[in-house]
Structures are given as structure tokens and as C-alpha cells.
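next come a sequence and a model predicted from it.
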Amino acid sequence: MKKHKILIVDDEQSLVYVLKKLLEDEFVIETASDGEEALSYIKNNRYFAIFLDIRIPKINGMEVLAYTRKLDDKPNVIIMTAQNTMVNAIDAMKKGAYDYITKPFELDEILGIIEKIKKNDGLTDKKFEKSEDFLDTLLVGKSKIMQEVFKTIGKLSHNNITVLILGESGTGKELIARAIHLNSVRSDKPFIVVNTPSIPSELLESELFGHEKGSYTGANEKKEGKFISANGGTIFLDEIGDMPLNLQAKLLRAIQEKEIEPVGSNKPVKIDVRIIAATNKNLKSMVKNAKFREDLYYRLNVIEITLPPLRERKSDIPILADFFIKKFSQELNMPEKQLGSDALSLLQSYNFPGNIRELENAIRRCMVMSPSAVLNSDDFIEILNNGENNLKDKKTEIDPFEDIIKRKIKNYIEKVKDTEINDVYKSIMGLTEKIIIEEILNLYNFNQLKVSKLLGINRNTLRKKVNEYKINIKKQI
């Protein structure tokens, strides 16, 4: 049986070598180290798959990808890059990449992609002509789970499929919906947000579908609803699980028939709207309990995106924190602050029941309230979750001892650097030793045997230290 060909395009020769060894038993492997060489191969060969780095000499990887999309027999292109940003992931998928992986990656990931291509999962051969700049700051995350979300956004950009976004409060469901919209062919059309629970149930129908003049008491003039406002664009129905059952039937009609009927009217109005819904509730359970229509659930859940809580993507906390610090430095017109290592340890140990929204609010408050150029764990203790969840105890547990010492010494040096103290080392060591002896004396109620044993010195040395540092003792030692 004739082997299929795979092209590996990367100027990192060690990576090329590893991939070649991994795949050469099953495929004919060809390699290129720059974009021009890659195009010369692609023009004269048919490939089962192309592993393509974005940053390569002469012609970049995205241009090579764009060329492959013009071919009648389009190869499956897998983008490889160390720049695992949301923009790269979405842009690669929009432009027709089969998949997107970030360096360094496990070899099992490569084999998994190969197997997926063999099974022909229907995601190949995409035609994306539209390419728009997308703000890298809209969504932040380099964790593997968020990269998968970003790739899904890219795959959704060429169609009008209804999307259901699931996730706890504060996980960024609206941002994901906005990203889907901005990366679609509807990006220059309206994006209308409807927060279902915030609108009284008796007014929700009118808000969504509009009403005719005189249709009910207080309806003094005709009103166009949110669906009409969103015509040609996208409507985002947040917390769809709170929608009353009677309105669910009208929403189902809007999805199925692509038409709505304003309150007080018997004339349907045609609409062209993409629907994205979100909820933090378990809709499957609500369907079983007859609290949500089963037919509507399946109409909404064509494509499902589940957003992880922040506690399940803690590797993203450093980049999220850095993003919010930069954001609020600009918004508040203040110098950019640094996040201390002890503060980062505290943030990564905390469960964040309010998710990204809680992290954002905590950093905003610390930026305003802390006079220091470095935000440390003490700044966050009373802010996070109103000081609940035993954060003070947690801080003690997770604060690395070395980090505490470093911070205290740094603060001390800042205070004395412009004073007449010359021997900083002796001053710090003496102060530290005094504190250690005082604390242990208090801990053991001035019991000389226990204190001497724990300090690793004899009783005479202990007495000398007490006199040297003029430690006030309550009991004779």
C-alpha cells in the first residue's frame, strides 16, 4: 500500500527530527525550513497533512496556510506555535487550519491528531475568506482547556449555528459570545445582550419580541423588541434557564421558523438573527423536571461550549492578573504595579467562587487601596470573598517562608538605605535573631531548657543573647 505524505515545516531542526522519527514508519515525510521551500513542495505534491509553524523565515506560516486553502485538494494543516494566544488559535481555525497545537507538546497529541484526521471528523476543508483583527485583550487564557474553547470559536466563524454556552457565574460567557460574533460574517452587525433574569417576567416578552401600540396597559406606542434590534446580527440570551415556559415556546418558533410575533399582533415578522444562549444552570435536569422545554433545549444545544471555573484553570491566573493590572493602570491613570510572588501563591490557592469576575474586582480594589508598588498577599486577604474561606490561615499555609523573608528584608532595606546605618547585614541578622529568641521564649513560657534545646544553644549562650538584645523577660531563666 502506498504511503501518504506528510510535510513538516519548521526552522527548529530538533523538532523536525523528532516528528520525522515519530511518523516515518507510517508516512513519507518531507521537511521544509522556511515558507518559500514549503510552497515549492506544496505546489508539486499532495499531502495527507502539513505540520506548519507560524513563525518561519521568508514567508510566514499563516501565508502558507492561506495558499493551501486555494487548492482543489486541500491538505489538513496543523498549526504549531509557541505563541499560544487566543488570537492565533482563532485566526488559524478561521483560515482553515485543521488543528492548532502549542509548543512544547506531547507526541501523543500529534498521534491523536493523525488518528482524528484518519477518521475524517468533518472539520476539514473549511473555506474562510474573512479575516478580521481581534482584540487579544477580549479573552485571556493560555491553558489547554481555554485553547480548545478558542479553537471552537474559530470553527464557528463561518456559519450561523445556534450555540449554548455553559458555565458558572463570572466565567466569561458573554465574552465568549461576543468573540463568536466578532469572528463571524455578522461582525459588522448588532450584538444585542438580553439578561433574562434582570427583566420582570411580565415585560420580558415585549422586550424580546416587541409590541404594538395599545397591546396592553401602558403600551402607548409601538416598540421593536431585541430580536428586531439584532436583525442581521447576533442576540445573546444570558441565563436562558430563567426564561418562563410560556416564552420558551415563542423562542422555539423564532429558531425554527425564523420569525417572531410582537405582543398584540397577529402578523409574523421575519428575522435573520443568530442566537447564542448561556446559562449557569443544569438544563438537562430542568428538562427532566419539566422546567425547561426539551425541544427548545435541543434547538439551542447544536454546539455546546462549556467554560471551566477559574479553579480548574489556575495556570491562567498569572496572565489574567497581569492583564487586569495593565488594564486598570490605564483606566485609573496610575503607575503599573507588580504582583508579588506571595500574592500570586495566595491567588492560585484560592477557589474563586466568583471566578474571573471576582479576580478582576479584587485586583481593581487592590490597585486603588494599596499604596505599595508591589501588591502582596496582605492586600488581598480582606478583599477576596469578604475575607471568608479562612484565607488568613490559607495564606500562612501557602506563603513560602523564603518569600516572606525576602519581602520583609526588601522592605527593611528600602527604609534604611538613606539613613546612617552602614552595616545592613549585621543589623538585619541581629534584628532577626532577636525576634526568633523573643518568639520562642514566649512560646515556651521562658522555659530555659526547652528554649535552649530548640535554638540549639546552651543556657549560658541563651542568657548572653538575652542580655545583648536587652530582651525583657518575665521569668528568670
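Perfect, I can see it now.

contacts, neighbours, all on C-alpha from now
Noted.

where do the helices sit along the stretch 151-300 of the chain?
173-182, 201-209, 226-229, 245-257, 283-288, 294-300 (DSSP state H, counting those that start in this stretch).

and the contacts of the fourth one?
Right, helix 245-257. Residues outside helix 245-257 that contact it (Cα atoms under 8 Å, 6 or more residues apart in numbering): Glu205, Glu259, Ile260, Ile271, Ile275, Lys291, Phe292, Arg293, Asp295, Leu296, Arg299.

just those now: which is nearest Val368?
Of all the contacts of helix 245-257, Val368 sits closest to Ile275, with 38.6 Å by Cα to Cα.

wait, that closest one touches Ile235, no?
Yes: assessed by Cα atoms under 8 Å, Ile275 is found in contact with Ile235 at 5.2 Å.

neighbour-wise, which of the two wins?
Neighbours per residue, other Cα atoms under 10 Å: of Ile275 and Ile235, the larger number sits with Ile235, 26 against 23.

quick one: pLDDT of the more buried one?
The model reports Ile235 with a pLDDT of 95.

how close does the nearest residue to Pro57 once chain neighbours are set aside sit to Tyr100?
Nearest non-adjacent residue to Pro57, counting by Cα to Cα, 6 or more residues apart in numbering: Asp34, 4.9 Å away. Distance of Asp34 to Tyr100, computed by Cα to Cα, to the nearest Å: 19 Å.

cool, Ser349 as well?
Relative to Tyr100, and taking Cα to Cα, Ser349 is found at 30 Å.

ok, Ala278 next?
Distance from Ala278 to Tyr100, by Cα to Cα: 26 Å.

neighbour-wise, which of the two wins?
Each of Ala278 and Tyr100 had its neighbours counted (other Cα under 10 Å), and the higher figure belongs to Ala278 (26 against 23).

any stretches of the stretch 251-400 of the chain with poor pLDDT?
Residue ranges of the stretch 251-400 of the chain with pLDDT under 70: 385-400.

one more pass at 50, please.
Scanning the stretch 251-400 of the chain for pLDDT under 50 picks out 387, 390, 396-398.

name the SS class of Met141, please.
That one is not Met; residue 141 is Gly. Three-state call for Gly141 (DSSP: H, G, I helix; E, B strand; the rest coil): coil.

what's the spacing between it and Lys20?
Remark: distance between Gly141 and Lys20 (Cα to Cα) = 31 Å.

so how far is stretch 279-286 off the chain centroid?
For stretch 279-286, the separation from the chain centroid amounts to 22 Å (computed by Cα atoms, centre = their mean, to the nearest Å).

631 is where my numbering starts, stick with that
OK, 631 is where the count begins now, so the last one is stretch 909-916.

in it, what counts as buried?
Neighbour counts over stretch 909-916 (16 or more other Cα atoms under 10 Å) mark Thr909, Asn910, Lys911, Leu913 as buried.

which one of those is nearest to Tyr1074?
The closest of those to Tyr1074 turns out to be Asn910 (Cα to Cα; 52.6 Å).

related to what we said a few turns ago, out of the contacts of helix 875-887, which are buried?
By neighbour count, with 16+ other Cα under 10 Å, the contacts of helix 875-887 hold Glu835, Glu889, Ile890, Ile901, Ile905, Lys921, Phe922, Arg923, Leu926, Arg929 as buried.

ok, which pair from the residues you listed is furthest apart?
Farthest apart among those by Cα to Cα are Ile901 and Lys921. That separation is 27.1 Å.

count the neighbours of Leu1073 for me.
12.

please report how far it lies from Ala807.
57 Å.

from the contact counts, what lies against the lengthiest helix in the chain?
In terms of residue count, the longest helix belonging to the chain (DSSP state H) is helix 1054-1073. When contacts are defined as 3 or more Cα pairs under 8 Å, 6 or more residues apart in numbering; DSSP states H and E, helix 1054-1073 sits against helix 1078-1085.

for the helix it packs on, buried residues please.
Applying 16+ other Cα under 10 Å to helix 1078-1085 flags Gln1078, Lys1080, Val1081, Ser1082 as buried.

does the third one touch Leu1071 like I think?
This means Val1081. Yes: Val1081 lies in contact with Leu1071 (Cα under 8 Å); the separation is 6.2 Å.

outside of stretch 772-782, which residues touch it?
Taking Cα under 8 Å, 6+ apart as the rule, stretch 772-782 contacts 714-716, 719-720, 723, 729-730, 771, 935, 937-938, 943, 945-946.

gap between that stretch and the chain center?
Distance of stretch 772-782 from the chain centroid (Cα atoms, centre = their mean) equals 8 Å.

pull the contacting residues for Glu835.
Contacts of Glu835 (Cα under 8 Å, 6+ apart): Leu877, Val893.

same thing with Thr661?
Counted by Cα under 8 Å, 6+ apart, Thr661 has contacts Leu637, Ile638, Val639, Asp640, Val646, Ala668.

how close does the residue nearest to Val917 when sequence neighbours are not counted get to Asn675?
In this structure, Val917 finds its nearest non-sequential neighbour in Glu924, 5.5 Å apart by Cα to Cα, 6+ apart. Using Cα to Cα, Glu924 is found at 50 Å from Asn675.

now do Lys803: how many residues are near it, please.
Lys803 has 25 nearby residues by other Cα under 10 Å.

ok, now which ones touch it?
Lys803 neighbours (Cα under 8 Å, 6+ apart): Ile795, Leu796, Gly797, Ala908, Leu937.

most neighbours among the residues you listed, please name it.
Ala908 (26 neighbours).

tell me the bridge partners for that one.
With DSSP bridges applied, Ala908 shows beta-bridge pairing to Ile795.

can you give me the strands in the stretch 881-1030 of the chain?
Along the stretch 881-1030 of the chain, counting by DSSP state E, counting those that start in this stretch, strands occupy 889-890, 899-900, 904-909, 933-936, 968-969, 1004-1005.

residues making contact with the last one?
Translated: strand 1004-1005. Here strand 1004-1005 makes contact (Cα under 8 Å, 6+ apart) with Lys967, Gln968, Leu969, Gly970, Ala973, Cys996, Met997.

adjacent strands (with direction) for it?
Sheet pairing for strand 1004-1005, using DSSP bridges, gives strand 968-969 (parallel).

just how off-centre is stretch 800-813 within its chain?
11 Å.

cool, and stretch 1062-1081?
Counting by Cα atoms, centre = their mean, stretch 1062-1081 comes out at 48 Å from the chain centroid.

list the contacts for Val658?
Neighbouring residues of Val658 by Cα under 8 Å, 6+ apart: Lys633, His634, Lys635, Ile636.
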